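Chemist: show me how the following folds:
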Amino acid sequence: MAHFFIAEDDKFMYRMYERVFTLGGHTLEVAQDGEEALTKLASMNPKPAVIVLDIMMPKKSGFEVLEEVKKNPELKDIPVMLLTNLSGDENKRKGLSLGAADYVIKSDFDPKQVVEKVIALAKK
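Modeler: Numbers count the residues shown, from 1 in each chain. The predicted model follows:
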């Protein structure tokens with residue numbers, strides 16, 4: 001069992017991921033915007049095995065959260081997956097250059113496949 005974190009502003013989406021993670025015996029902490037994500041990540045104990053960030057969120061984007069995570073000594077080594085509806089090589093390049101371990105387009109995978117990718121990242 002592992003502990004994971006997702007920042008996703010769409011309630012339907014994060015509830016769906018929450019269900020898949022818990023069915024797999026894992027725990028999931030959720031934030032609904034970028035500022036909440038940073039606040040929760042700073043106080044989480046233990047830290048999550050993987051951080052999953054939606055890019056298009058209120059208050060701070062996933063890109064902005066990723067930049068701050070990578071500057072934080074307590075968080076910088078945690079793998080980050082960007083999970084988004086934004087396709088295109090430019091966005092993917094930006095995410096990976098900021099330190100994301102993976103860039104996943106929501107429409108290309110069902111929630112179970114996304115969770116499998118997150119768990120695989122935790123094992124790296």
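
Chemist: center of this structure, which residue is that?
Modeler: Residue closest to the mean C-alpha point of the chain, counted by CA atoms, centre = their mean, is residue 52 at 0.6 Å.

Chemist: so that one touches residue 4, yeah?
Modeler: Yes: between residue 52 and residue 4 there is a contact under CB atoms under 8 Å: 6.9 Å. Heads up, the C-betas are built off the backbone N, CA and C, glycines and all.

Chemist: what do those two both touch?
Modeler: When contacts are counted by CB atoms under 8 Å, 6 or more residues apart in numbering, residue 52 and residue 4 are jointly contacted by residue 118.

Chemist: count of residues packed around residue 29?
Modeler: Close neighbours of residue 29, defined as other CB atoms under 10 Å, add up to 16.

Chemist: in the helix or strand harbouring it, what's buried?
Modeler: Secondary structure here is read from DSSP states H and E; on that basis residue 29 sits in strand 27-31. Burial within strand 27-31, assessed by neighbour count using 16 or more other CB atoms under 10 Å, is assigned to 28-31.

Chemist: next: stretch 66-83.
Modeler: Here stretch 66-83 shows 66, 68-69, 75, 78-83 as buried, counting by 16+ other CB under 10 Å.

Chemist: what's downstream of the one helix or strand the residue nearest to the centre of the chain maps to, the next helix or strand?
Modeler: Using DSSP H and E, residue 52 falls within strand 51-54. Reading on from strand 51-54 to the C-terminus, the next helix or strand found by DSSP H and E is helix 62-71.

Chemist: which stretches of the chain form strands?
Modeler: Listed from the start of the chain, the chain has strands (DSSP state E) covering 3-7, 27-31, 51-54, 80-84, 102-105.

Chemist: no further queries at this time; thank you.
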